[in-house]
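Peer 1: with the input below, show me the fold.
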Amino acid sequence: MSDNPLNWRAAQATAAKLLAGWQAEGEPGGAITLFDGKKTQAVACAGLADLAHQVPFTADSVVRYASITKHIFAALALNATDNAVDLETHLGNLLPALQWPLTDITVGQALDMTSGLPDVRETLGLLGISVNTVSEAQSVMAFIHGLTRLNYPAGSEITYTNTGYRLVEAALQAKGYRFNTLVQQQLARPLDVQLQAPESWFDVVPGLVPGYWRTEQGWQQTSAGLHLSASGSLTGSANALTRWLQCLLADAGPGKGVLAQLSAPRQLNQGQISRYGLGLAQTPLGRHILLGHGGSHAGYKSYFLLSADRQAGALLVSNREDCDSFAIILQVMAALLDETLPTRSSAIPEGIYATVAEPYWLEVKAGNVAYLGTDEPLYASADGYAVSLSGHMPLRLKWTGEAVEGEVGHVERRFLPVPPDTGCLKQIQGVWYHPQYRTAFEIRGNQIHIGVGPAVQTGLLSSLGNGRMLVESHDGPYRKRFCLYFRGYDVDLIANRSRILTFKRDMRARA
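Peer 2: A predicted model of the protein is given here:
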């Protein structure tokens, strides 16, 4: 590989250009830092940290890192807890209240996205519980203790979920190790930076700027009620996180050995090599394999990418929901490394496709694919396939002329164009209930209603063929899309991160 000089000036110019749109009056903002293992080489900032007080966004503005937290938690869990957990330890040995098959998941699977654990937030959303509904740690754990199903057998697939990190954190807490205490002892004080890991969205965090999302009425502040876990609770500034990332690049201080440890290859049950490690993902860019991770909380977006061999990296943090953090930071790194951005793919015709007699579907539109409601951009591979760059959402697909074939999450799938509706909608009208969670939804016409009073959520139904309906609704800033998979008097609710809920037809309501 050529050792061309790092082009800091081009990267800084690219960063400034990409953030220029945030300079308009009354816009939330963000900051990008460019750094090597020793110093910050450049900073670009734009927009406001606080719209009410018109405070400019700087590299010292405190934000929610969201899922960037994951690699920091994994590093502390494995290196700063006196071997309290091991990657091969089963969760059932650490958390005896769990039920099978959750008990058989290893710590490694819980951290590398192959656990099959349903994501708590997405599961609650399918049950009609809004993202704004407040929950406490004890009630969330009680909910997980009641689970008896996985999205898929552990180790057979890879799908993003936050639940594994929550469970490993709970296991460590039971042994006396609290995440925020570890952060202060191992990172904040040694690096002389301000980092906090609150457990609630509403905890007071010094300097924390509001997150925003754009509505028809303009920018509004965001909130989220789910108890925060080590899957995404950490807060801090761009400068503070940069200091930690420099330790990783320099392989020194609290970051010594961590980059290699967290990015070591992980395998699925059938031997497939995953590009997702322990809170760190691999991203190909030309001749380089970059390491990094993103974060997304309501109103906060972040992403970092590191070139370990060149000891250089870039980080973006922002307080706006519409920030495409991955696309921005990938362009910055391409400028820094003098690499050409990967070509987007248009090889698959636009449309909605579904597997035969299964609840799996995808939509191809404008160079992106939505698989079970989760969006990913598609890029052109040299062999003609359309692929993703995501480590936790690996896609490798091709159009055969009659079907979309390939792999999703390292599992072979074949999708056919969705056939016209054959009258399924008429057969599914009425009330469907979940006996365990004492909740229900009603289908009236082409709409689904779940919840009561002003908290009711309404979604639109469209056919996926063969007894399947696609639901589209909204919850705050989020667009929700999931599949209703009807099997006689039962219906499964299928989303990318949660596939465990089965509702039953209420025959009394039909009488």
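Peer 1: please make it C-alpha for all contacts and neighbour counts, starting now.
Peer 2: Noted.
Peer 1: what pLDDT is listed against residue 400?
Peer 2: At residue 400, the pLDDT value in this model is 97.
Peer 1: same question, residue 511
Peer 2: Value for residue 511, per-residue pLDDT: 42.
Peer 1: verify the assumption that residue 143 is located in a helix.
Peer 2: Yes: using DSSP: H, G, I helix; E, B strand; the rest coil, the assignment for residue 143 is a helix.
Peer 1: give me the neighbour count for it.
Peer 2: For residue 143, the neighbour count with other CA atoms under 10 Å is 13.
Peer 1: quick one, what contacts residue 32?
Peer 2: Applying CA atoms under 8 Å, 6 or more residues apart in numbering to residue 32 gives the contacts 15, 43-45, 59, 238, 314-317.
Peer 1: try it again with 7 Å
Peer 2: Residues near residue 32 by CA atoms under 7 Å, 6 or more residues apart in numbering: 15, 43-45, 314-317.
Peer 1: report the two of those residues separated the most.
Peer 2: 45 and 314 (13.2 Å; CA to CA).
Peer 1: still on that earlier bit, so which of the contacts of residue 32 is the closest to residue 4?
Peer 2: Checking the contacts of residue 32 against residue 4 by CA to CA gives residue 314 as the nearest, at 17.6 Å.
Peer 1: returning to what we had before: looking only at neighbour counts, state which of residue 45 and residue 314 leads.
Peer 2: Per other CA under 10 Å, whichever of residue 45 and residue 314 has more neighbours is residue 314, with 28 against 23.
Peer 1: A strand includes residue 442, no?
Peer 2: Yes: checked against three-state DSSP, residue 442 lies within a strand.
Peer 1: and the gap between the spatially most central residue of the chain and residue 506?
Peer 2: What sits nearest the mean C-alpha location of the chain, by CA atoms, centre = their mean, is residue 160, with 6.0 Å. Distance of residue 160 to residue 506, given as CA to CA, to the nearest Å: 33 Å.
Peer 1: what's the closest non-adjacent residue to residue 238?
Peer 2: Distances taken as CA to CA, 6 or more residues apart in numbering put residue 59 closest to residue 238, at 5.0 Å, once the chain neighbours are dropped.
Peer 1: the one you found and residue 40 touch, don't they?
Peer 2: No: using CA atoms under 7 Å, residue 59 makes no contact with residue 40, being 11.0 Å away.
Peer 1: neighbour-wise, which of these two wins?
Peer 2: Shown here are residue 59 and residue 40; by other CA under 10 Å, residue 59 has more neighbours (22 against 17).
Peer 1: where does the more buried one sit: helix, strand or coil?
Peer 2: Assignment for residue 59 (three-state DSSP): coil.
Peer 1: can you give me the pLDDT of it?
Peer 2: Note on residue 59: pLDDT of 99.
Peer 1: give me every residue that touches it.
Peer 2: The neighbours of residue 59, taking CA under 7 Å, 6+ apart as the test, are 31, 237-239.
Peer 1: closest one of those to residue 199?
Peer 2: Checking the contacts of residue 59 against residue 199 by CA to CA gives residue 237 as the nearest, at 18.0 Å.
Peer 1: surely the closest one touches residue 57?
Peer 2: No: under the criterion of CA under 7 Å, residue 237 makes no contact with residue 57, lying 10.4 Å away.
Peer 1: more neighbours, those two?
Peer 2: Comparing residue 237 with residue 57 by other CA under 10 Å, the one with more neighbours is residue 237, at 24 against 21.
Peer 1: quick one, phi/psi of that one?
Peer 2: Here is the backbone geometry of residue 237 (degrees, to the nearest 10): phi -100, psi 170.
Peer 1: swap in residue 386?
Peer 2: Per-residue torsions, residue 386: phi -100, psi 130 (degrees, to the nearest 10).
Peer 1: what sits against it?
Peer 2: Residue 386 makes contact with 345, 347, 378-380, 396-398, according to CA under 7 Å, 6+ apart.
Peer 1: ranking those by neighbours, who comes first?
Peer 2: Neighbour counts for those, by other CA under 10 Å, peak at residue 378, which reaches 28 neighbours.
Peer 1: following element in sequence after the helix or strand that contains residue 139, please.
Peer 2: In the assignment (DSSP states H and E), residue 139 maps to helix 137-145. Scanning forward in sequence from helix 137-145 by DSSP H and E, the next helix or strand is helix 163-174.
Peer 1: what sits up against that following helix?
Peer 2: Under CA under 7 Å, 6+ apart, the answer for helix 163-174 is 84, 94-95, 107, 110-111, 117-120, 178, 229-231.
Peer 1: next structured bit after it?
Peer 2: For helix 163-174, the succeeding helix or strand toward the C-terminus, using DSSP H and E, is helix 179-183.
Peer 1: sort out for me which of the contacts of residue 32 are in strands.
Peer 2: Of those, the ones assigned to strands by DSSP state E are 43-45, 314-317.
Peer 1: Throw these into a markdown table and include pLDDT and distance to residue 277, thanks.
Peer 2: Converted to a markdown table, those look like this (pLDDT from 0 to 100; distance: CA to CA, whole Å):
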| residue | pLDDT | distance to residue 277 |
| --- | --- | --- |
| 43 | 99 | 29 |
| 44 | 99 | 30 |
| 45 | 99 | 31 |
| 314 | 99 | 20 |
| 315 | 99 | 19 |
| 316 | 99 | 21 |
| 317 | 99 | 22 |
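Peer 1: neighbours around residue 224, how many?
Peer 2: Neighbours of residue 224 under the rule other CA under 10 Å: 19.
Peer 1: was I right about it contacting residue 201?
Peer 2: Yes: using CA under 7 Å, residue 224 is in contact with residue 201, at 6.3 Å.
Peer 1: re earlier: just the buried residues of the ones in strands among the contacts of residue 32.
Peer 2: 43-45, 314-317 (16 or more other CA atoms under 10 Å).
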